[in-house]
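Chemist: Coordinates only, no sequence provided:
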RNA sequence: GCCCCCGUAGCCCAAUCGGUAGAGGCAGGCCCCUUAAAAGGGUCAGAGUGUCGGUUCGAAUCCGAUCGGGGGCACCA
């Protein structure tokens, strides 16, 4: 039974009227939430632009703290969602109390598949359900007391917001990447180069000879946003195409887990690959978890190597290799089954004396290859990955190793991927495990070109060592042999050093309704034209049916159909785009939901600007480079960005790319969107299944002797996510009802370090509740509600405890160790309880400091106590206590004395005692004298302030 | 298969530079308050740091193996 219920059921003598109960907490919390809202307590002034209050911003150090903004799901919040939000709030509040101008707010990532799917399920317009969900979400997070500047809330679905998303698209569309200066430039500058004849057109004609459409085509091939007719990921089950980043390793959609097929379709792409080097290199300038950096490096997949050309009859097979030093060991070649040269190379008949393993028993090479290709195409991605047995078939032709003229057979095998490098490899079994496996299976020669280290007993040797069997490379280490070979190849024109990337261009269009329309129309010639900025935003048209056309998930041959195509009145539009009034057709794709989240940090800064996406002065102030504070190499960006690790290569890569384009074009001064990134852990939960394997309500399960029961039925415990279907959801609303938001916040923060995932345990919440009750009781009389604070000065012990806590708590907050900060507050409160609960009250000095230190974690109860202590001002802007050094140093120190590393005794000496004095005191201690038995110690180690170790 | 992170009381977690293994919470024992109850108050106990080995005067901390858990990548040439 809750205390609230008890109080109402007539047994109120049992609960003192002024105890800090959930009911009282609830009243305090809503009162302070109203107060903060009325007073605009968390509004952060800008130096310029909208929301400007230059006087208030000037002279204050700023701090921009950002949460990965949520998608407003219809399911509402569970206790896991606010973990990071509370973490940022505590951090923001601590710094606000220390005088910083803190920008902290939260908006909504409200476009996208899930919103649309939810709308389809509920039969309502996505805007309606999404906006309703946002309302629910705001109500839920308001109860948590997050100190957001609510003037800065944005939502990606607002036309005032997506106008700028579209504007950025136009910027990207209207730029090209100039590799000579490694940055984006306006397309107009490229056009000028063409017009001036400084740059040759693709087919060599002069610019003046090209028709308008041809010129557009030429320019389009350079744009950073471009239409491409290329193999893309088509997901019939979702009815849309997907970016590579949205497809899992086993070839299914990340959302919905539907099969994904490669299809040639005309789609919008973003030339993110132009930024590969900068995206990799600038990771070194970021304060991000190594794990996330590693994932991005891995995804971009930069590898240094060489392109080598192998002659094969009148053809040349181009390969990419990271090991040009092993070229002498290339004993065969492999083409991907889809490689375009395969058909050209295949002879009519097998060469004589061909190995029977190479032909798969087929009568001719063409037949063997046709059979092999068919078999390969039948294999799913998953099968391909699970079964790593090497298969392949001989093409029937030979190529020539350029380095020694050796005649080497050419194979087709599916272990070579058409999508990476050139889709062809030189196989060096001696130094490559995969090639070794293939060579063994097909009886191909193996030549070692690196001498394995002593005692090496494996097959392929991939380590470093001196080159052998390699002519002019012999004796060189790998690092030396590589450039030597590249130089040799380049001299002869049969190869060159090159860099290869795994990163592909970003597929940017979706065949969905609920997203940003493209600001693009097509003329009668089918060539896309950008709409002028003045026409933005291009608003989503109303349609009768906004559901996407989805298909049988396995139907690879289905065709995407974009819902916007149904808005026929909208699609056809008459405009004058400088070519006279003409009829155009609008692009009916929408942008992926990553678009809106690519740049929202900029809009938080200046949410109301109608002239530009973000005021330059405000941008510079909040996320500009700050070499004085962060070093000469500082790229700028949000000071702290907290979110889950699941966005490591999606959102975080895309937004870095956009930021860099905007930087190149001069729209922002910062090169990176997020200077420091932090991944919070997840709140996980136990779930229970009965004997039939179905989930039972977790809250009704009890533990007995290490087993779990629902009634008398034993159930099985699982650990993992919190979710409706697992029947283990606990909501923040329940926590606020039963304990209060402050207790909930405190509990979430004291469960462990923020970066750690941890199991939810409702029964543990009471610990946080008890602490706040005790602290309250130390300051407020539970019976009368009178303040229990005295003006007496605290004793020495109390002052020491207080200042030790101040110093520790301050440091903990600074480093986001909210769990240990909470522990130190509890420790201090325990001291206060012991010392003053039997007295008239707590000394004011201690009471005030304790309340202020509690404020970042539990702001409502802290504000309440602070005002009861007599302040008329909110404590949101401080002061935050500062420790006095003199209470941190002890008068005397107790040294443990070890004998051979084991503690044998202790001695107390003055804190300012020198090493010799400590040593003398230790050696004079009676147990040590006994241990020495008149002899001399071999060595005495004194660690000042720590211990003494006597070595016998 | 490769790479990364983590193993400390029954549970969640602390422990600056290697320096007395314990700050805090839950659960547990005992006592007080109470007609009774507890989400009240007090108090007590509890592990030698997954395992093995090494470095050191001294190891939870550093190094090497090994086991267990979590995550990422995965025929990327």
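Modeler: Perfect, thanks for sending it. Treat the numbers as computed from the prediction; the structure is a model and nothing was measured.
Chemist: Report the distance from the strand or helix carrying residue A:319 to the chain centre.
Modeler: Using DSSP states H and E, residue A:319 sits in strand A:315-321. Remark: strand A:315-321 is offset 37 Å from the chain centroid, using C-alpha atoms, centre = their mean, to the nearest Å.
Chemist: and the very next helix or strand once past that strand with RNA strand B, contact?
Modeler: As assigned by DSSP H and E, the chain's next helix or strand after strand A:315-321 is strand A:332-335. No. Figure legend: strand A:332-335 not in contact with RNA strand B (C-beta under 7 Å from any atom of the strand); closest approach 7.8 Å. In this view, the C-beta of every residue, glycine as well, is placed from N, C-alpha and C.
Chemist: Note down every partner strand of strand A:332-335 and its orientation.
Modeler: strand A:407-412 (parallel), strand A:424-427 (antiparallel) (DSSP bridges).
Chemist: I'd like to check the angle between the longest one and strand A:315-321, please.
Modeler: Going by axes from the mean of the first three to the mean of the last three C-alpha atoms, to 10 degrees, strand A:407-412 is angled at 80 degrees with respect to strand A:315-321.
Chemist: which one of the strands paired with strand A:332-335 lies closest to residue A:241?
Modeler: strand A:424-427 (27.5 Å; C-beta to C-beta).
Chemist: So for the closest one, mean pLDDT?
Modeler: What strand A:424-427 shows for mean pLDDT is 94.
Chemist: and if you look at stretch A:494-509?
Modeler: 92.
Chemist: One more: stretch A:624-632?
Modeler: 93.
Chemist: Where does the residue of chain A found nearest RNA strand B sit: helix, strand or coil?
Modeler: Proximity of chain A to RNA strand B (C-beta to the nearest atom of the strand) peaks at residue A:767, 2.1 Å away. Residue A:767 falls in the helix class when you classify it by DSSP: H, G, I helix; E, B strand; the rest coil.
Chemist: Just the pLDDT for it.
Modeler: The predicted local confidence for residue A:767 is 92.
Chemist: list the buried ones in stretch A:945-952?
Modeler: Neighbour-count burial for stretch A:945-952 flags A:947-950 (criterion: 16 or more other C-beta atoms under 10 Å).
Chemist: Could you do stretch A:629-646 as well?
Modeler: A:630, A:634-643, A:645.
Chemist: Redo the residues you listed as JSON lines? Include distance to RNA strand B and secondary structure.
Modeler: Listed next are those as JSON lines, based on distance: C-beta to the nearest atom of the strand, whole Å; DSSP: H, G, I helix; E, B strand; the rest coil:
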{"residue": "A:630", "distance to RNA strand B": "21", "secondary structure": "helix"}
{"residue": "A:634", "distance to RNA strand B": "24", "secondary structure": "coil"}
{"residue": "A:635", "distance to RNA strand B": "23", "secondary structure": "coil"}
{"residue": "A:636", "distance to RNA strand B": "27", "secondary structure": "coil"}
{"residue": "A:637", "distance to RNA strand B": "23", "secondary structure": "coil"}
{"residue": "A:638", "distance to RNA strand B": "23", "secondary structure": "strand"}
{"residue": "A:639", "distance to RNA strand B": "23", "secondary structure": "coil"}
{"residue": "A:640", "distance to RNA strand B": "19", "secondary structure": "strand"}
{"residue": "A:641", "distance to RNA strand B": "19", "secondary structure": "strand"}
{"residue": "A:642", "distance to RNA strand B": "17", "secondary structure": "strand"}
{"residue": "A:643", "distance to RNA strand B": "15", "secondary structure": "strand"}
{"residue": "A:645", "distance to RNA strand B": "7", "secondary structure": "helix"}
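Chemist: so which one among those has the lowest pLDDT?
Modeler: pLDDT across those is lowest for residue A:645, at 89.
Chemist: who touches that one in this structure?
Modeler: Counting by C-beta atoms under 8 Å, 6 or more residues apart in numbering, residue A:645 touches A:289, A:291-292, A:679.
Chemist: Compute the distance between it and residue A:684, please.
Modeler: 14 Å (C-beta to C-beta, to the nearest Å).
Chemist: Contacts only, for residue A:101.
Modeler: A:44-45, A:56-57, A:60-63.
Chemist: Please produce a markdown table containing the residues you listed, extended by secondary structure, neighbour count and pLDDT.
Modeler: Supplementary listing: those in a markdown table, determined by DSSP: H, G, I helix; E, B strand; the rest coil; neighbours: other C-beta atoms under 10 Å; pLDDT from 0 to 100:
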| residue | secondary structure | neighbour count | pLDDT |
| --- | --- | --- | --- |
| A:44 | coil | 28 | 96 |
| A:45 | coil | 18 | 96 |
| A:56 | helix | 14 | 85 |
| A:57 | helix | 19 | 85 |
| A:60 | coil | 13 | 88 |
| A:61 | coil | 11 | 93 |
| A:62 | strand | 20 | 96 |
| A:63 | strand | 21 | 97 |
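Chemist: wait, the residue of chain A closest to RNA strand B sits on residue A:747?
Modeler: Yes. At 7.4 Å, residue A:767 and residue A:747 qualify as touching, with contact defined as C-beta atoms under 8 Å.
Chemist: Neighbour count: these two, which is higher?
Modeler: residue A:747 (24 against 14; other C-beta atoms under 10 Å).
Chemist: Could you check which helix or strand contains that one?
Modeler: Per DSSP H and E, residue A:747 falls inside helix A:741-750.
Chemist: what bridges to the spatially closest residue to residue A:585 that is not a sequence neighbour?
Modeler: Leaving aside its chain neighbours, residue A:585 sits nearest to residue A:522 (4.9 Å; criterion: C-beta to C-beta, 6 or more residues apart in numbering). Under DSSP bridges, the beta-bridge partners of residue A:522 are residue A:528, residue A:585.
Chemist: Residue A:522 - how many residues pack around it?
Modeler: 14.
Chemist: can I assume it is in contact with residue A:528?
Modeler: Yes. Assessed by C-beta under 8 Å, residue A:522 is found in contact with residue A:528 at 5.6 Å.
Chemist: where do the strands sit along the stretch 601-750 of chain A?
Modeler: A:640-643, A:677-679, A:683-689, A:695-696, A:702-704, A:707-710, A:713-720 (DSSP state E, counting those that start in this stretch).
Chemist: Would you give the sheet partners of the longest one, along with the direction of each?
Modeler: Okay, so that is strand A:713-720. With DSSP bridges as the test, strand A:713-720 is paired with strand A:683-689 (antiparallel), strand A:707-710 (antiparallel).
Chemist: Adding mean pLDDT as columns, could you present those in JSON lines?
Modeler: What follows is the strands paired with strand A:713-720, written out as JSON lines (pLDDT from 0 to 100):
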{"stretch": "strand A:683-689", "mean pLDDT": "85"}
{"stretch": "strand A:707-710", "mean pLDDT": "79"}
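Chemist: Could you say which of these is packed most deeply?
Modeler: strand A:683-689 (a mean of 20; mean count of other C-beta atoms under 10 Å).
Chemist: hmm, back to that, quick one: which of the contacts of residue A:645 is most hemmed in?
Modeler: Neighbour-wise, these (other C-beta under 10 Å) top out at residue A:679, 21 neighbours.
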